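**Q** Next comes the sequence, and after it the predicted model I'd like to discuss.
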Amino acid sequence: RSRKTKGFKLPPGPPRLPIIGNVHQLSIDAWTTFTAWKDEYGPIVYLNLAGQNVIVLNTLEVASDLLDDRAAIYSDRPNWIVACQMLTEGLFMPFVRYGETWRRMRRAAHQGLHQNAVEKYKPIQTKEATLLLNDLLQDSGNWVEHVRRAGGSTVLGVTYDIPTLPSVNDTELRLIYDFTIHLVNTAYVDSFVVEFFPWIRHFPAWMMSWKARALRWSQESIPIFLSMFQKVKTDWGNGLARPSLTGVVVEQQAKFGLTDKEVAWMVAAIAAASETMSGVLAWFFLAMVMYPEVQVKAQAELDRVVGRDRLPNFDDMQHLPYIRAIIKEALRLNPVDPLGLQHRSIEDDIYKGYFIPKGTICIANVWAMNRDVDVYGPDAHLFKPERHLDKEGNLCQAFPRTKNEGHNTFGFGRRICVGRYLANNSLFLNMASILWLFAIHPPVNDDGSPVKLTEDTINEGLVVRPNHYDYIFKPRFAEAPKIVEEALTAVTQV
Ligand code: HEM
């Protein structure tokens, strides 16, 4: 402890046990525990996880003060032994430590995904949104697979210029999906204890079945990522590739100073983000049936602006503020990542009279911030798109420090989600098109009674989704399926 920090206390927190500290108090839905602790201990809660200092940031004020305003200190990631060191060679972008390699990756990713750069991906997003409508028309019972396919196919199209993937079981989609799920599960569940007792990692693989398994699939996945990247690089060199994120990076690879292996990992991390999109759409469907008046209002806006002779498109975006407010509300009320991604501090710090030691892991309780009654009012727990609109019905920036989003679901500071513009565009076109085409009705039991809907969650590791429900999708008007069919012919001919 330096002289500067001497005499300052750690933030308050729950009592700890010897050796393990607060480890036993963590659960799969830790955001509910953290939110309860907010009332007891305040906006910053200190935990000790078997010697590791952790702070939970429960309000936007403290999270933004530290992770945004003091980003030079709070932009590192925890040094996860399994996820970072053992399985991804320290190169999986969301886990990469704050330093030169991350800076070079981030610059390259930004170049391909900033607000203007994502314009060039709109044709891919339009095609995928139309395909999704058609899939839902043909077979709405499998809406989860269709939504997952569309999200994955969009992101893989954007990253590797891969043509539309027809099935959720397509090889590339499965690879990315399995890789991410394995990574998250191995890192957070199977090998959890290694993070707190690092010497366990040296135990032989036969004593820890996850270790052999994890090393095997990691070694199998890496060459596939490299070959997907190499294909785009070769096509780009031969003038065969269409616009893609990998293409953008390959074109300026020397400028970014990234090796082939670093680009391959960076792009794989971006492709792995596709699951987030299907999670958000799952929450959107639930909101549309739990709040039918919102659905009706959105469809009135679509009828007024788009009409019933064509599908919505990106040119309609600025004229559909209510739909855009629905996107914000879907991301706010039930964030797919209720605890964001952990940051880590690289220097001792003093904040609000508390000592925050160097190396502290910072967990942003996004769920609590997005439902904070001091920010969103007493109806913070309700799905209410109007909160993002002014009296004239135009989008307004009612919630300072949320980077014009109206929520905190894309994270903070220098590590804020680099794919957020792409994600917002895809969410817009999917939500607008689905609401244009379908009236979404709540599921019913075999005896015709309504199924009880709740906001209970399923934590899949990478994303937190609602329980599965069999919604009923009915075209809103007789000509709609024909219009979708014509639009499909047009986009698949491009
Ligand atoms: C609605 C969907 C999405 C949500 C809710 C989301 C959320 C997040 C969050 C919370 C973070 C961590 C921010 C922090 O550390 O404070 C993050 C990081 C990241 N996201 Fe997203 N994301 C989404 C979609 C995407 C998409 C579509 C892509 C790629 C095209 C993407 C690529 C990334 C990458 C590469 C990082 C790591 C950034 C870094 O560590 O510097 N995300 N995302």
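**A** Looks like it came in fine.
**Q** helices or strands next to the longest helix anywhere in the chain in the packing?
**A** Of all segments of type helix in the chain, defined using DSSP state H, the longest is helix 209-237. With contacts taken as 3 or more CB pairs under 8 Å, 6 or more residues apart in numbering; DSSP states H and E, helix 209-237 sits against helix 143-160, helix 171-185, helix 245-251, helix 260-271. Heads up, the C-betas are built off the backbone N, CA and C, glycines and all.
**Q** nearest to residue 323, of those?
**A** helix 143-160 (17.4 Å; CB to CB).
**Q** Enumerate the positions of that closest one that are buried.
**A** 143, 146-160 (16 or more other CB atoms under 10 Å).
**Q** Can you name every helix or strand that that helix contacts?
**A** Using 3+ CB pairs under 8 Å, 6+ apart, helix 143-160 sits against helix 122-138, helix 171-185, helix 209-237, helix 245-251, helix 260-271, helix 274-290, helix 420-437.
**Q** hang on, isn't residue 399 packed against residue 374?
**A** No. Using CB atoms under 8 Å, residue 399 is not in contact with residue 374, being 11.3 Å away.
**Q** In the protein, what helix or strand scores lowest on average pLDDT?
**A** Sorting the helices and strands of the chain by mean pLDDT, DSSP states H and E puts helix 192-196 at the bottom, at a mean of 69.
**Q** Up against the ligand, what does the chain have?
**A** Contact residues, the chain versus the ligand (CB under 6 Å from any ligand atom): 93-94, 106, 109, 113, 155, 269-270, 273, 276-277, 280, 336-337, 340-341, 343, 409-412, 415-419, 422-423.
**Q** Check these for burial and list the buried ones.
**A** Looks like these have 93-94, 106, 109, 113, 155, 269-270, 273, 276-277, 280, 336-337, 340-341, 343, 409-412, 415-419, 422-423 buried, using 16+ other CB under 10 Å.
**Q** Report the secondary structure state of the residue in the stretch 51-200 of the chain that the ligand sits nearest to.
**A** Residue nearest to the ligand within the stretch 51-200 of the chain (CB to the nearest ligand atom): residue 94, separated by 3.8 Å. Secondary structure state of residue 94, per DSSP: H, G, I helix; E, B strand; the rest coil, is helix.
**Q** gap between the residue nearest the centre of the chain and residue 455?
**A** Closest residue to the average C-alpha location of the chain: residue 276 at 4.2 Å, with CA atoms, centre = their mean. According to CB to CB, to the nearest Å, residue 276 stands 18 Å off from residue 455.
**Q** Lowest mean pLDDT across the helices and strands packed on helix 209-237, which one is that?
**A** Out of those, helix 171-185 stands lowest, with a mean of 79 (criterion: mean pLDDT).
**Q** What residues sit buried inside that one?
**A** Buried, per 16+ other CB under 10 Å, within helix 171-185: 172, 173, 175, 176, 177, 179, 180, 182, 183, 184, 185.
**Q** okay, the angle between that helix and helix 274-290?
**A** 90 degrees (axes from the mean of the first three to the mean of the last three CA atoms, to 10 degrees).
**Q** can you tell me which residues contact residue 323?
**A** Residues in contact with residue 323, defined by CB atoms under 8 Å, 6 or more residues apart in numbering, are 298, 301, 302, 428, 431, 432, 435.
**Q** One more: residue 182?
**A** 214, 217.
**Q** picking up where we left off before, need the helices and strands packed on helix 209-237 in JSON lines with distance to residue 41, can you?
**A** Converted to JSON lines, the helices and strands packed on helix 209-237 look like this (distance: least, CB to CB, whole Å):
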{"stretch": "helix 143-160", "distance to residue 41": "38"}
{"stretch": "helix 171-185", "distance to residue 41": "28"}
{"stretch": "helix 245-251", "distance to residue 41": "42"}
{"stretch": "helix 260-271", "distance to residue 41": "34"}
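**Q** Based on its surroundings, how many neighbours for the residue nearest to residue 466 when sequence neighbours are not counted?
**A** Excluding the flanking residues, the one nearest residue 466 by CB to CB, 6 or more residues apart in numbering is residue 286, at 4.8 Å. For residue 286, the tally of surrounding residues (other CB atoms under 10 Å) stands at 24.
**Q** Over to the one 5 residues further on?
**A** Using other CB under 10 Å, the number of residues around residue 291 comes to 17.
**Q** So it sits against residue 383, correct?
**A** Yes. Between residue 291 and residue 383 there is a contact under CB under 8 Å: 4.8 Å.
**Q** quick one: contacts for the nearest residue to residue 19 once chain neighbours are set aside?
**A** Spatial nearest neighbour of residue 19, chain neighbours left out: residue 50 (6.6 Å); criterion: CB to CB, 6+ apart. Contacts for residue 50 (CB under 8 Å, 6+ apart) come out as 19, 20, 21, 23, 196, 197.
**Q** Quick one, which of those are buried?
**A** Applying 16+ other CB under 10 Å to these flags 21, 23, 196 as buried.
**Q** For those residues, please prepare CSV with the additional fields distance to residue 79.
**A** Converted to CSV, the buried ones among the contacts of residue 50 look like this (distance: CB to CB, whole Å):
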residue, distance to residue 79
21, 18
23, 18
196, 13
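**Q** circling back to that earlier point, got TSV for the contacts of residue 50, with distance to residue 136 too?
**A** Putting those into TSV (distance: CB to CB, whole Å) gives the following:
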residue	distance to residue 136
19	52
20	48
21	48
23	44
196	45
197	48
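**Q** just to revisit the earlier point, what's the angle from the longest helix of the chain to helix 143-160?
**A** 50 degrees.
**Q** Tell me how far helix 209-237 lies from the chain's centre.
**A** 22 Å (CA atoms, centre = their mean, to the nearest Å).
**Q** tell me the mean pLDDT for that helix?
**A** For helix 209-237, the mean pLDDT works out to 82.
**Q** Show me which parts of that helix are buried, residue by residue.
**A** Under 16+ other CB under 10 Å, the buried positions of helix 209-237 are 210-211, 214, 218, 221-222, 224-226, 228-233, 235-236.
**Q** Run the angle between it and helix 260-271 for me.
**A** Going by the same axes, to 10 degrees, helix 209-237 is angled at 100 degrees with respect to helix 260-271.
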